[in-house]
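> Could you work out the structure for the sequence below:
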Amino acid sequence: MTKAALNQGLIVANYGRHFLVETPDGTRVICHSRGKKSTGVVGDRVQWLPSQDEGTVEKIEPRRNLFYRQDEIRTKSFAANLDQILVLIAAEPEFSRHQLSRALIAAEAAGITPLIGLNKSDLVEPFARAWERLLPYRRMHYGVLPLSLKESGDTDYAEMRKLLHGKTTLVLGPSGAGKSTLINLLSPGALAQTGEISQALNSGRHTTTSTTWYWVDKASGTALIDSPGFQEFGLHHIEATQLAGYMPDLRAHIEHCKFYNCTHLHEPSCGVRAAVSEEELPSSPDYISANRYKIYSELFAELSQPRHY
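Predicted coordinates for the structure are as follows:
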């Protein structure tokens with residue numbers, strides 16, 4: 001008996017036990033995983049086998065990267081084969097620097113370039129405060145983009161298209177940051193189409209909790225991936241001793257530590273602690289802000305707790 005030929009595809013939505021797989025000609029097919037365990041994520045290149053009007057994912061191609069979070073209870077994979085991650089936050093409501101840092105650390109650990117978008121620049125005073133709170137991040141190698149997505153003019157739009165061009169970008173952010181507005185701006189009609197697919201799967205309630213791929217410009221390979229899950233961002237896949245290496249402002253000072261296994265918490269002659277400043281010193285580009293060091297200390301303590309899994 002001749003073995004059926006496998007088709008190529010791209011996972012463009014994940015609805016738990018179901019995937020939406022896009023074929024090279026743009027057709028989208030509902031597929032299931034082979035076996036009980038669902039291991040595919042949005043962005044995976046797969047080989048699948050058709051069966052009537054659906055299909056079965058038989059093989060996942062090797063990944064360039066995988067962006068995920070892990071807490072004591074479970075691991076959540078966001079997406080695979082990413083070029084960059086855009087963390088979208090807003091001037092209002094006030095964003096959490098702790099949550100922002102967690103997302104950036106996870107991106108660093110996965111070897112994926114992170115960007116930060118600060119939305120609602122039309123709210124003058126709140127935006128000025130938020131921009132000031134982002135000073136340590138602007139001083140690092142992260143690009144911080146001022147945006148006004150609802151009032152977006154041609155300049156904002158052109159800048160976004162330029163940054164995203166030819167790349168697969170995962171968009172993360174808290175509720176109210178403007179992710180839906182961004183997707184509607186860059187890929188008009190995409191959200192409505194996703195809602196229709198979700199209804200077809202009888203899973204309308206899952207629309208906001210599923211990860212979804214949106215083409216911005218298929219010809220150039222420009223795509224956005226929208227994913228929930230910014231609020232509870234566990235970093236249990238990272239060892240406490242690795243943490244400073246994934247925080248660029250701390251990493252720059254590790255070489256000045258006396259001890260090779262310095263935790264940067266209590267050791268003498270620590271290059272990291274020596275660089276911490278309670279004040280913002282624009283004239284000194286190499287200092288570490290007190291808030292960033294506090295975040296490091298709290299995360300180090302969290303990741304040093306005994307693991308129960």
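> if I look at the nearest residue to residue 244 once chain neighbours are set aside, how far off is residue 96?
Distance criterion Cβ to Cβ, 6 or more residues apart in numbering; nearest residue to residue 244, sequence neighbours excluded, is residue 250 at 4.4 Å. Placement of C-beta: from N, CA and C, glycine included. Applying Cβ to Cβ, to the nearest Å, one obtains 19 Å for the distance of residue 250 from residue 96.
> Domain boundaries for this protein, per the record?
7-60, 66-226, 240-303 (automatic domain parsing).
> quick check: mean pLDDT across the longest one?
Across domain 66-226, the average pLDDT comes to 86.
> Run a quick neighbour tally on the residue nearest to residue 244.
Burial of residue 250, expressed as a neighbour count using other Cβ atoms under 10 Å, amounts to 22.
> Could you pull up the residues touching it?
In this structure, residue 250 makes contact with 244, 264, 272, 288, 292-293, 296, judged by Cβ atoms under 8 Å, 6 or more residues apart in numbering.
> Convert the helix or strand in which it is found to PDB, retaining C-alpha atoms only.
Residue 250 is part of helix 248-251, with elements assigned from DSSP states H and E. Output of helix 248-251 as PDB, limited to C-alpha atoms (Å, rounded to 0.1, in the frame of the first residue of the first chain):
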ATOM      1  CA  PRO A 248      21.700  44.100  29.400                       C
ATOM      2  CA  ASP A 249      22.200  46.900  31.900                       C
ATOM      3  CA  LEU A 250      23.500  44.400  34.600                       C
ATOM      4  CA  ARG A 251      25.300  42.200  32.000                       C
END
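> Tell me the helix or strand right after that helix.
Read in the C-terminal direction, the helix or strand following helix 248-251 is helix 271-274, with elements assigned using DSSP H and E.
> Buried residues, that following helix. List them.
By neighbour count, and taking 16 or more other Cβ atoms under 10 Å as the criterion, the buried residues in helix 271-274 are 271-273.
> what about that helix, average pLDDT?
The pLDDT scores in helix 271-274 average 96.
> Run through who's touching it.
With Cβ under 8 Å, 6+ apart as the contact definition, helix 271-274 has outside contacts at 244, 250, 253-257, 262, 264-265, 288, 293.
> What is the nearest of those to residue 9?
The nearest member of those to residue 9, counting by Cβ to Cβ, is residue 244 at 40.4 Å.
> where does the closest one fall, phi/psi-wise?
When read as degrees, to the nearest 10, the backbone of residue 244 gives phi -60, psi -30.
> neighbours of it, just the number please.
Residue 244 is flanked by 21 other residues according to other Cβ under 10 Å.
> what's the spacing between it and residue 115?
Looking at residue 244 against residue 115, where the rule is Cβ to Cβ, the gap reads 22 Å.
> same deal with residue 293?
When residue 293 is compared with residue 115 (using Cβ to Cβ), they lie 23 Å apart.
> In terms of neighbours, single out the busier of those two.
In this comparison of residue 293 against residue 115, neighbours counted by other Cβ under 10 Å, the higher total goes to residue 293 at 22 against 19.
> Let me see the contact set for the closest residue to the more buried one other than its chain neighbours.
Of all residues not flanking residue 293 in the chain, residue 276 sits nearest, at 4.6 Å (Cβ to Cβ, 6+ apart). Remark: with contacts taken as Cβ under 8 Å, 6+ apart, residue 276 is in contact with 287-290, 293.
> I figured residue 237 hits residue 102, correct?
No: at 11.8 Å, residue 237 does not count as touching residue 102 under the criterion of Cβ atoms under 8 Å.
> picking that back up, would you format the domains of the chain as JSON lines with distance to residue 233 included?
Below are those laid out as JSON lines (distance: least, Cβ to Cβ, whole Å):
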{"stretch": "domain 7-60", "distance to residue 233": "17"}
{"stretch": "domain 66-226", "distance to residue 233": "4"}
{"stretch": "domain 240-303", "distance to residue 233": "11"}
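> what about the residue lying closest to residue 94 once chain neighbours are set aside, neighbour count?
For residue 94, ignoring the flanking residues on the chain, the nearest one in space by Cβ to Cβ, 6+ apart is residue 130 at 7.2 Å. Neighbour count for residue 130, taken as other Cβ under 10 Å: 21.
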